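Undergrad: I need the structure of the sequence given here:
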Amino acid sequence: MKLHLFHLRRHFGTKYTAKITSTSPTGRSLAAEVTPPPSPPYDTRGYLLPRRDLICKATQILLSTSSPPSLSDPFSDLSDYLQSLSLTLTPLEASEILKALKNPSLSLRFFHFCPSLSPNFRHESFTYNRLFLILSKSTNPSRFDQARSLLDHMLRHGVRGSISTVNILVGFFGNGDDLERCIGLVKKWDLSLNAYTYKCLLQAYLRSRDSSNAFRVYLDMLRRGYNLDIFGYNMLLDALAKDQKVDNANQVFEDMKRRHCEPDVFTYTIMIRMTGKSGKTDESLALFQVMLAKGCTPNLIAYNTMIEALAKGRMVDKAILLFSKMVENGCQPNEFTYSLLLNLLVAEGQLHKLDSIMEWSKKYMNKQIYAYFVRTLSKLGHDSEAHRLFCNMWNFHDKGDRDAYMSMLDSLCNAGKMTEAIDLLNKIHEKGITPDTIMYNTVFTALGRLKQISHIHDLYEKMKQDGPPPDIFTYNILISSFGRAGRVDSAVKIFEELENSNCKPDVVSYNCMINCLGKNGDVDEAHMRFKEMQEKGLNPDVVTYSTLIECFGKTDKVEMACRLFDEMLSEECTPNLVTYNILLDCLERCGRTAEAVDLYAKLKQQGLTPDSITYAVLERLQSGGQGKLRFRRQNPITGWVVSPLR
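TA: Residues are numbered from 1 along each chain as shown. Sure thing, here's the model as predicted:
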């Protein structure tokens with residue numbers, strides 16, 4: 001055999017041994033006797049062992065990124081490399097290469113490329129398994145379709161899978177029709193389920209929240225002599241308990257103890273939660289005592305679960321005693337712990353016992369816990385208790401909690417304690433909290449509701465001087481508040497300040513201004529603002545039209561009110577029941593009965609349900625009289641009296 005020496009671009013994955021027998025006179029060629037490489041090694045079972053050097057080189061070629069893709073195809077390079085050495089890959093070597101590639105798309109390409117290397121190449125179950133595993137770790141949304149396609153490919157080519165194939169697929173798909181198809185493969189391939197298969201099936205049903213089938217698999221598993229580990233038992237118990245399958249859960253719990261799988265703190269917690277929700281508080285307590293006797297140390301979840309069961313059983317003293325033991329044992333309560341106790345005390349009218357709870361846990365009390373108590377007590381209407389705790393927080397913590405201060409401010413405003421609210425707003429900076437616009441707006445809203453105009457004025461001046469800057473909500477609240485108090489000049493001044501600020505008037509701003517002017521008798525100016533609003537490109541809404549229609553209705557300008565209603569419809573602004581009631585009352589008072597009846601027909605056509613105000617107007621229409629006994633109701637949106645009953 002003659003070899004011509006030239007520069008080789010490749011590194012061979014297989015070594016050859018040659019003996020030079022002769023050379024030409026010029027030295028440009030030689031003859032050599034080549035010893036063929038040894039045959040591939042076999043293991044004790046007669047299977048070919050993978051050639052590690054070949055696997056490494058093939059992986060290196062496929063993962064190579066040294067050349068741009070347009071100039072080099074790694075699959076073509078791999079084919080050239082194997083052909084140059086007259087080598088063929090075995091399925092086992094292909095599986096090892098897949099393991100090294102990891103990338104799903106590259107692995108799929110390599111998998112489908114392998115048969116082109118040799119007409120005798122045939123994928124076996126372990127190459128399919130390797131690819132199924134790679135797809136199961138992928139995050140690509142198409143991974144499930146790719147796995148289904150790969151399984152179809154496997155079946156189409158008559159490759160018989162192993163129980164490992166089934167285990168991988170069950171763990172991968174986990175529910176629905178795919179799971180049933182995976183189970184069908186066991187019969188198709190004449191396989192036997194092993195312990196790991198049962199575990200995979202159990203977890204698949206549990207992930208699907210199908211505790212019934214999970215329990216069925218569990219029973220079948222026991223019949224075949226397999227056992228679950230502690231993790232599997234806890235998963236199954238948790239699912240059964242959440243589905244309120246108490247008898248099944250108790251059976252699993254007893255099986256667990258009989259089969260020498262000692263329950264842990266999570267097991268007991270699951271059982272305590274289940275019995276507690278069923279109202280069997282005594283059973284929950286018994287389980288908790290057994291857990292302690294077995295040497296299990298309760299964690300935060302276990303304590304909270306037991307306290308929750310005691311709270312459901314309305315056992316206040318036992319819940320507080322358990323809480324004290326929890327703190328003694330160094331288990332720090334969280335917000336959920338305190339919420340259970342606080343709600344129990346409130347429900348049982350024993351809020352005075354909150355002090356003992358706080359005393360027990362004083363080493364854990366921080367501003368977040370204080371803030372939680374303040375927020376919750378304020379929401380539940382216990383303002384005095386919330387204020388007392390707030391004062392404690394104020395005295396013991398240099399830095400405040402914004403949420404707690406906001407809750408306290410809300411509580412004071414809702415209670416009408418405006419002096420205290422303003423005082424808190426002025427002092428809040430002492431605790432490292434800068435008052436924001438939301439806080440000011442909360443106080444402005446309460447002051448406006450109570451018509452405390454002098455306080456509004458002083459607070460607004462302070463806000464402009466010290467900050468924060470007013471926002472569009474601030475301006476709208478102030479315009480509405482001044483209008484409600486009849487201070488039209490002040491409302492107009494605020495509106496002008498709004499126009500000159502970084503904020504610009506919105507639909508609500510104009511609604512407040514129109515309401516203010518109309519309510520105080522200046523209907524023409526209100527109408528001018530309405531036109532100005534439209535000129536600025538703002539579309540009047542149902543509140544705008546309803547307010548202005550009522551303005552004209554109160555001054556007996558019925559034609560103008562009707563014209564506005566028609567304009568409202570033409571602008572595709574749908575009237576609501578308040579709008580219809582206003583106009584119905586206007587028409588009835590002016591004796592335009594036929595038009596009122598037509599308007600009522602439109603109301604019904606629109607699908608609106610008449611209320612007591614509507615029926616009162618209709619009653620007056622039917623009686624033909626204009627009774628003197630009428631009632632008034634204030635619209636919470638506009639502040640106007642929108643009831644047609646006077």
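Undergrad: drop to CA atoms for contacts and neighbour counts, all remaining ones
TA: Will do.
Undergrad: tally of neighbours for the closest residue to R207 other than its chain neighbours?
TA: Of all residues not flanking R207 in the chain, G174 sits nearest, at 7.1 Å (Cα to Cα, 6 or more residues apart in numbering). Applying other Cα atoms under 10 Å, we find 22 residues neighbouring G174.
Undergrad: could you list every residue that touches G174?
TA: Contacts for G174 (Cα atoms under 8 Å, 6 or more residues apart in numbering) come out as 201, 203-205, 207-208.
Undergrad: and I163, how many neighbours does it have?
TA: I163 sits with 18 neighbouring residues when counted by other Cα under 10 Å.
Undergrad: wouldn't it be in contact with S192 here?
TA: Yes. With contacts counted by Cα atoms under 8 Å, I163 reaches S192, the gap being 7.2 Å.
Undergrad: mind listing the shared neighbours of the two?
TA: Counting by Cα under 8 Å, 6+ apart, the contacts common to I163 and S192 are V186.
Undergrad: ok, then the element right after the helix or strand hosting E308?
TA: If you go by DSSP states H and E, E308 is part of helix 300-312. Where DSSP H and E defines the elements, the next helix or strand beyond helix 300-312 is helix 316-328.
Undergrad: just the angle for that following helix relative to helix 300-312, thanks.
TA: For helix 316-328 against helix 300-312, the angle by axes from the mean of the first three to the mean of the last three Cα atoms, to 10 degrees is 170 degrees.
Undergrad: which other helices and strands does helix 316-328 contact?
TA: Judged by 3 or more Cα pairs under 8 Å, 6 or more residues apart in numbering; DSSP states H and E, the packing partners of helix 316-328 are helix 300-312, helix 335-347, helix 354-360.
Undergrad: and the nearest residue to T23 once chain neighbours are set aside, what pLDDT?
TA: Distances taken as Cα to Cα, 6+ apart place L30 nearest to T23, at 4.1 Å, with adjacent residues excluded. On pLDDT, L30 comes in at 73.
Undergrad: and L30, how far is that from I20?
TA: 7 Å (Cα to Cα, to the nearest Å).
Undergrad: the two: who's more crowded?
TA: Using other Cα under 10 Å as the criterion, L30 and I20 rank with L30 on top: 17 against 13.
Undergrad: just grab the bridge partners of that one for me.
TA: On the basis of DSSP bridges, L30 is bridged to L3, T23.
Undergrad: ok, now how distant is it from S84?
TA: L30 is 21 Å from S84, by Cα to Cα.
Undergrad: now, of the contacts of G174, which are buried?
TA: For these, a burial check counting by 16 or more other Cα atoms under 10 Å picks out 201, 203-205.
Undergrad: including secondary structure, pLDDT and distance to E497, could these go into CSV?
TA: What follows is the buried ones among the contacts of G174, written out as CSV (DSSP: H, G, I helix; E, B strand; the rest coil; pLDDT from 0 to 100; distance: Cα to Cα, whole Å):
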residue, secondary structure, pLDDT, distance to E497
L201, helix, 89, 70
Q203, helix, 88, 66
A204, helix, 88, 65
Y205, helix, 89, 65
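Undergrad: what's the mean pLDDT across stretch 429-437?
TA: Taken as a whole, stretch 429-437 has an average pLDDT of 87.
Undergrad: flag every buried residue along that stretch.
TA: Under 16+ other Cα under 10 Å, the buried positions of stretch 429-437 are 434-435, 437.
Undergrad: which residues touch that stretch?
TA: Residues outside stretch 429-437 that contact it (Cα under 8 Å, 6+ apart): 394, 398-402, 425, 428, 468-471, 474.
Undergrad: return the subset of those lying in strands.
TA: Within the contacts of stretch 429-437, no residue falls in strands by DSSP state E.
Undergrad: need the buried ones from these selected in ChimeraX.
TA: Of the contacts of stretch 429-437, the buried ones can be selected in ChimeraX as follows, counting by 16+ other Cα under 10 Å:
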select :394,400,401,402,425,428,468,470,471,474
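Undergrad: got JSON lines for the contacts of stretch 429-437, with distance to P333 too?
TA: JSON lines is the format used below for the contacts of stretch 429-437 (distance: Cα to Cα, whole Å):
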{"residue": "W394", "distance to P333": "22"}
{"residue": "D398", "distance to P333": "23"}
{"residue": "K399", "distance to P333": "22"}
{"residue": "G400", "distance to P333": "21"}
{"residue": "D401", "distance to P333": "19"}
{"residue": "R402", "distance to P333": "22"}
{"residue": "L425", "distance to P333": "32"}
{"residue": "I428", "distance to P333": "28"}
{"residue": "P468", "distance to P333": "37"}
{"residue": "P469", "distance to P333": "40"}
{"residue": "P470", "distance to P333": "41"}
{"residue": "D471", "distance to P333": "40"}
{"residue": "T474", "distance to P333": "40"}
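Undergrad: V290: which of the contacts of stretch 429-437 is nearest?
TA: Lowest distance from V290 to the contacts of stretch 429-437 (Cα to Cα) belongs to D401, with 41.3 Å.
Undergrad: return the helix or strand in this protein with minimum mean pLDDT.
TA: Lowest on mean pLDDT, DSSP states H and E among the helices and strands of the chain sits strand 2-3, with a mean of 44.
Undergrad: so, low pLDDT: which residues of this structure?
TA: Segments of the chain classed as low confidence (criterion: pLDDT under 70) are 1-19, 27, 34-48, 65-72, 395-398, 624-646.
Undergrad: most tightly surrounded among the helices and strands packed on helix 316-328?
TA: Most buried of these, by mean neighbour count (mean count of other Cα atoms under 10 Å): helix 300-312, with a mean of 23.
Undergrad: contacts for that helix, please.
TA: Here helix 300-312 has contacts from 265-266, 269, 272-273, 275-277, 279, 281, 284-285, 288, 316, 318-319, 322-323, 326, 331-333, 336-337, 340-341, 344, using Cα under 8 Å, 6+ apart.
Undergrad: now the buried members of those residues.
TA: Buried among the contacts of helix 300-312 by 16+ other Cα under 10 Å: 265-266, 269, 272-273, 275-277, 281, 284-285, 288, 316, 319, 322-323, 326, 332-333, 337, 340-341, 344.
Undergrad: what about Q350, distance to G330?
TA: Distance from Q350 to G330, by Cα to Cα: 26 Å.
Undergrad: and R28, how many neighbours?
TA: Residues near R28, counting by other Cα under 10 Å, number 9.
Undergrad: could you look up the SS state of it?
TA: Classification of R28 by DSSP: H, G, I helix; E, B strand; the rest coil places it in coil.
Undergrad: now swap in K362 and tell me
TA: Three-state call for K362 (three-state DSSP): coil.
Undergrad: burial measure for it, as a count.
TA: Counted by other Cα under 10 Å, the residues lying close to K362 total 11.
Undergrad: got phi/psi on it?
TA: Main-chain torsions, K362, degrees, to the nearest 10: phi -60, psi -30.
Undergrad: could you check how far it is from I369?
TA: 10 Å.
Undergrad: hey, what's in contact with both of the two?
TA: With Cα under 8 Å, 6+ apart as the test, K362 and I369 reach no residue in common.
Undergrad: quick check, V246 in contact with L240.
TA: Yes. Shown here, V246 and L240 form a contact pair, counting by Cα under 8 Å, at 7.1 Å.
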